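> what's the 3D shape of this:
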Amino acid sequence: MGGLWILCGPSYTGKSTVIKWLLSNINYTSFHIRATTRPPRTEEKEGRDYLFLAEDVFRSLKFKYTYSRFGHTCGFYLNQIENAINKDQNHLLHISEDYDLIKRIKNDFKKVYTIFIY
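Next comes the predicted model:
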């Protein structure tokens, strides 16, 4: 019984730690790797934590779900979300505090669960 799980909260509240635990302890769980225009932090890896893109490349991809944080843009690949839901997987999205984006996603998909971490 899969669904779309959104982990939401301010930066540095432990969302990534919770996601790592869920991925290693719950079967049929996948994580959505976001694209972003910001540079990587020291501990982040390309393709594991984010896809780090130049601003012009990001704009050319026309993401359906985007949000801005600290002057940089992040986005989600719609087909990656749809594929996971069609396979009946639990699919995790990691979103900083963008409640309008969460509402849009909840309107577009049936089984969406939100976990707020503070």
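> Go through stretch 104-118 and flag the buried ones.
105, 112, 114 (16 or more other Cβ atoms under 10 Å). All C-beta atoms are positioned from the backbone trio N, CA, C, and that covers glycine.
> now those in a markdown table, with distance to residue 74, pLDDT and secondary structure?
Shown next, in a markdown table, are those (distance: Cβ to Cβ, whole Å; pLDDT from 0 to 100; DSSP: H, G, I helix; E, B strand; the rest coil):
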| residue | distance to residue 74 | pLDDT | secondary structure |
| --- | --- | --- | --- |
| 105 | 13 | 92 | helix |
| 112 | 18 | 93 | strand |
| 114 | 17 | 94 | strand |
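> how about the worst-scoring helix or strand of the chain on mean pLDDT as PDB, C-alpha atoms only?
Least confident helix or strand, the chain: helix 78-86 with a mean of 84, by mean pLDDT, DSSP states H and E. C-alpha atoms of helix 78-86 as PDB (Å, rounded to 0.1, in the frame of the first residue of the first chain):
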ATOM      1  CA  LEU A  78       6.700  14.600 -12.000                       C
ATOM      2  CA  ASN A  79       7.300  11.300 -13.800                       C
ATOM      3  CA  GLN A  80       9.500  10.000 -10.900                       C
ATOM      4  CA  ILE A  81       6.600  10.600  -8.500                       C
ATOM      5  CA  GLU A  82       4.000   9.000 -10.800                       C
ATOM      6  CA  ASN A  83       6.200   6.000 -11.500                       C
ATOM      7  CA  ALA A  84       6.700   5.300  -7.800                       C
ATOM      8  CA  ILE A  85       2.900   5.700  -7.100                       C
ATOM      9  CA  ASN A  86       2.000   3.400 -10.000                       C
END
